[in-house]
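Undergrad: predicted structure and sequence below. I'll ask about it afterward.
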Amino acid sequence: MKAVKQVEGRAYPLGRKNVDTDLIIPAAFLKTVTREGLGKGAFQAVRAEPGNVFDDPEYAGAPIIVAGDNFGCGSSREHAAWALLDMGVTAVIAPSFSDIFAGNAYKNGIVTVVLPQDAIDRLMEVAVTDPITIDLETQTVTTPFQDRWSFEMDPFRKHCLVEGKDDVDITLQSADAIEAYEQHQKGELPWVARGTGLAA
C-alpha cells in the first residue's frame, strides 16, 4: 500500500448525501477478478447526468471528493474503494461515513476525513476554483484562502496510512514472534503441529 501523508489538489464537489456503494461502483462491474479498470464504471449513474462533475475536464484527475452525510453506505463491497483508487481518488471529505466503507477505505490507502456540514459547504465553494490540502500528520484540511479545519482520526488508521502498511504488512511485523510461537507449538504440542503441517 502506498503511504499517504498529504493529499493536495482539486476536489470533485459532489456534495450528495447517502452516496451508497452501488452508486460508487454498480453491481454490473463486480464480475472482474482484478482491481484495475473499475474507475471506468465508477459513478456511472452520476456520469449519465448532463454536466456532472466527474466528466467535467475542470476536475480531471482530482484526488479528493467532497461529499455529504453517510458516504459509502449500502453493501460492504470493497470494490467501492478499489474503484475510487482506480479513478485517482485518495481522499473523501464528508460529515459522516458508513463504518464498513471507512474500514475498507483506509485498508486500501484512502483517507476519510470527517468535517461538519458548514466546513463541507465552504469546501464545496472552494472546490469549484481552487485546490484543497489534507495533511494527515497535522490532521488538518486547508485551502488557499486561509481556511483551516482540524479533524479526528483513529491513531492506528493514521499510522497505517502514513506508513503505507496494510493488514499483511502489519502481520509481517510480527513474523519473528509468529515463528517463535509455531516452533513452541511443535515442541510442546506435536499432535497439533501435525494437524497444521508445522511438524514437517
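TA: On my side now, so go ahead.
Undergrad: ok, now which ones touch the spatially closest residue to residue 1 that is not a sequence neighbour?
TA: Computed as C-beta to C-beta, 6 or more residues apart in numbering, the closest residue to residue 1 that is not its neighbour in sequence is residue 166, at 4.3 Å. Heads up, the C-betas are built off the backbone N, CA and C, glycines and all. Taking C-beta atoms under 8 Å, 6 or more residues apart in numbering, we find residue 166 in contact with 1, 107, 108, 109, 160.
Undergrad: confidence score at residue 166?
TA: Residue 166 carries a pLDDT value of 76.
Undergrad: and if you look at the one 10 residues further on?
TA: In this model, residue 176 is scored at 73, pLDDT.
Undergrad: hey, which helix or strand in this structure has the poorest pLDDT?
TA: The helix or strand of the chain with the poorest confidence is helix 190-196; it has a mean of 62 (mean pLDDT, DSSP states H and E).
Undergrad: ok, so of the contacts of residue 166, who is nearest residue 143?
TA: residue 109 (23.4 Å; C-beta to C-beta).
Undergrad: am I right that that closest one is in contact with residue 163?
TA: No: in this structure residue 109 lies outside contact range of residue 163 using C-beta atoms under 8 Å: 10.9 Å.
Undergrad: among these two, which residue is more densely surrounded?
TA: residue 109 (19 against 13; other C-beta atoms under 10 Å).
Undergrad: starting at the chain centroid, how far to the strand or helix carrying residue 158?
TA: Here residue 158 sits within helix 155-163, counting by DSSP states H and E. Remark: helix 155-163 is offset 12 Å from the chain centroid, using C-alpha atoms, centre = their mean, to the nearest Å.
Undergrad: sorry, back to before: reformat the contacts of residue 166 as JSON lines; add pLDDT.
TA: Below are the contacts of residue 166 laid out as JSON lines (pLDDT from 0 to 100):
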{"residue": "1", "pLDDT": "87"}
{"residue": "107", "pLDDT": "94"}
{"residue": "108", "pLDDT": "95"}
{"residue": "109", "pLDDT": "96"}
{"residue": "160", "pLDDT": "94"}
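Undergrad: what about these, which are in helices?
TA: By the criterion of DSSP state H, membership of those in helices covers 107, 160.
Undergrad: of the contacts of residue 166, which is the nearest to residue 60?
TA: For the contacts of residue 166, the nearest to residue 60 is residue 109 (20.9 Å; C-beta to C-beta).
Undergrad: and the gap between the closest one and residue 139?
TA: According to C-beta to C-beta, to the nearest Å, residue 109 and residue 139 sit 17 Å apart.
Undergrad: equivalent analysis for residue 54, please.
TA: 28 Å.
Undergrad: just the helices from this protein, written as ranges.
TA: Using DSSP H, the helices of the chain run over 21-24, 44-47, 79-86, 99-107, 117-127, 155-163, 167-172, 175-188, 190-196.
Undergrad: can you list contacts of the fourth one?
TA: So the one you mean is helix 99-107. With C-beta under 8 Å, 6+ apart, helix 99-107 has contacts from 1, 21, 71-73, 76, 78, 80-81, 84, 92, 97, 111-112, 157, 160-161, 166-167.
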